[in-house]
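In: Got a sequence here, can you model it:
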Amino acid sequence: MEHKIRTDLALEVRESFPEDDVEIKGVILTEEIDEKNNIRITTVEIKDDKGAKAMQKPIGTYITIEAPELNNASDDYHKPVSELIAKYLRKLTGDLSHDEVLVVGLGNREVTPDALGPQVVDNLFVTRHLIREYGDEFKVRNNLGSVSAISPGVMAQTGMETMEIIKGIIKETKPRLIIVIDALASRSIHRLNTTVQISDTGISPGSGVGNNRKALNEESLGVKVIAIGVPTVVDAATIVADTLTKYMESTGFGEEDIFQFISEVNGSQMYNMFVTPKNIDEAVKEISYTLSEALNSCFSQPIIT
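Out: Below you'll find the model as predicted:
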């Protein structure tokens, strides 16, 4: 039985295949475990068009860092998570870490589950203006990258597509790398605010909640784009479907009966509802610091003398 799932996580798309242990052509799945910190790192590589068609995602690399204790952990726990994010971010950015970098914080800062991107930008150590003021010698002496940042808001606030705004900035500042931060949708309540996905395929703002805007990727912008996202909402229909499925299976209902019943219960109106945890304010605040520290260590880590 299949339910249509709404998720931005490539890992969850891979998990949705019934043949979990069977290789999908064009898709490579690898996994690492940090037992000390209880963190799982899963890499999904979509290698060709067959894999992209099966996964319904662009060809590229999707790295998912799952830290189940992140939501309730002390501040000390955020440091190893931040270091892992930085490690895999460097892996995807290659030798561009000390070039012109533009960080884009997507989302609406007035809506807490969607405010992750703007809050990350608020915590960044931006350096482009310093380097323009004091020159390349200052940049080299202090081991700085040239980092600029923008929170472009959403179309309802600006009347402009995010891509239009970013293209204008690219034309003027000519970055060589763009890091896009956004809140995502998950199909699992257990991954909310505890999971980070890093990918080299860019992002389509709002895709997880069915509000697709023009994609921000290398093809549309002409610059390498790395996307970092954290799921902050889950589809209400998915919660209902999963809960009812487990209950009905345990009471002896057949697969067809379960599917028909859930379809009737959910209805079309259920697919426009999303759920977020009650501690979302604090969670977004803490995770935004974790992401900003990872970015700072990658692109603008000054040498303190």
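In: now the strand ranked longest in the chain, how far from the centre of its chain.
Out: The single longest strand within the chain, with elements called by DSSP state E, is strand 224-235. The gap between the average C-alpha position of strand 224-235 and the chain average comes to 2 Å, counting by CA atoms, centre = their mean, to the nearest Å.
In: For it, give the mean pLDDT please.
Out: Strand 224-235 shows a mean pLDDT of 93.
In: Downstream of it, the next helix or strand is which one?
Out: Past strand 224-235, further along toward the C-terminus, the next helix or strand under DSSP states H and E is helix 236-250.
In: Alpha carbons of that next one, as PDB, please.
Out: Once non-C-alpha atoms are left out, helix 236-250 reads as follows in PDB (Å, rounded to 0.1, in the frame of the first residue of the first chain):
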ATOM      1  CA  ALA A 236      -1.000  16.400   8.900                       C
ATOM      2  CA  ALA A 237      -2.300  13.800   6.400                       C
ATOM      3  CA  THR A 238       0.900  11.700   6.900                       C
ATOM      4  CA  ILE A 239       0.500  11.700  10.700                       C
ATOM      5  CA  VAL A 240      -3.100  10.600  10.400                       C
ATOM      6  CA  ALA A 241      -2.300   7.900   7.800                       C
ATOM      7  CA  ASP A 242       0.600   6.500   9.800                       C
ATOM      8  CA  THR A 243      -1.300   6.400  13.000                       C
ATOM      9  CA  LEU A 244      -4.400   4.800  11.600                       C
ATOM     10  CA  THR A 245      -2.300   2.300   9.500                       C
ATOM     11  CA  LYS A 246      -0.500   1.000  12.600                       C
ATOM     12  CA  TYR A 247      -3.700   0.700  14.500                       C
ATOM     13  CA  MET A 248      -5.700  -1.000  11.800                       C
ATOM     14  CA  GLU A 249      -2.900  -3.500  11.000                       C
ATOM     15  CA  SER A 250      -2.800  -4.500  14.600                       C
END
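In: Report all helices and strands that that helix contacts.
Out: In terms of contacts (3 or more CB pairs under 8 Å, 6 or more residues apart in numbering; DSSP states H and E), helix 236-250 is packed against helix 255-270, strand 274-275. Bear in mind the C-beta positions are built from the backbone N, C-alpha and C, glycine included.
In: In terms of mean pLDDT, which of those ranks lowest?
Out: Among the helices and strands packed on helix 236-250, helix 255-270 has the lowest mean pLDDT, at a mean of 69.
In: OK, contacts around the closest residue to residue 102 other than its chain neighbours?
Out: The spatially closest residue to residue 102, leaving aside those adjacent along the chain, is residue 175, at 3.9 Å (CB to CB, 6 or more residues apart in numbering). Contacts for residue 175 were tallied using CB atoms under 8 Å, 6 or more residues apart in numbering; they are 99-102, 148, 169, 223.
In: Quickly list what the most centrally placed residue in the chain is bridged to.
Out: The chain has residue 229 as the residue nearest its centroid, 1.4 Å off, counting by CA atoms, centre = their mean. Bridge pairing for residue 229 (DSSP bridges) gives the partners residue 182, residue 197.
In: Now do the helices in the stretch 101-250 of the chain.
Out: With helices called from DSSP state H, counting those that start in this stretch, the stretch 101-250 of the chain shows them at 116-122, 128-134, 136-141, 155-158, 162-173, 218-221, 236-250.
In: averaging pLDDT over each of those, which comes out lowest?
Out: Mean pLDDT is lowest for helix 236-250 out of these, coming in at a mean of 80.
In: Which residues does the helix or strand containing residue 61 contact?
Out: Applying DSSP H and E as the criterion places residue 61 in strand 60-66. The contact list for strand 60-66 (CB under 8 Å, 6+ apart) reads 9-11, 39-46, 81, 84-85, 88, 91-92, 191, 194-201.
In: where are the low-confidence patches of the protein?
Out: Counting by pLDDT under 70, the chain contains low-confidence ranges at 1-5, 18-23, 73, 96-98, 205-213, 265-272, 301-305.
In: picking up where we left off before, pull up the pairing partners for the strand holding residue 61, direction included.
Out: strand 39-46 (antiparallel), strand 195-199 (antiparallel).
In: Pick the most buried one from these.
Out: The highest mean neighbour count among these, using mean count of other CB atoms under 10 Å, belongs to strand 195-199: a mean of 26.
In: quick check: angle from that one to strand 224-235?
Out: Between the axis of strand 195-199 and that of strand 224-235 there is an angle of 150 degrees, by axes from the mean of the first three to the mean of the last three CA atoms, to 10 degrees.
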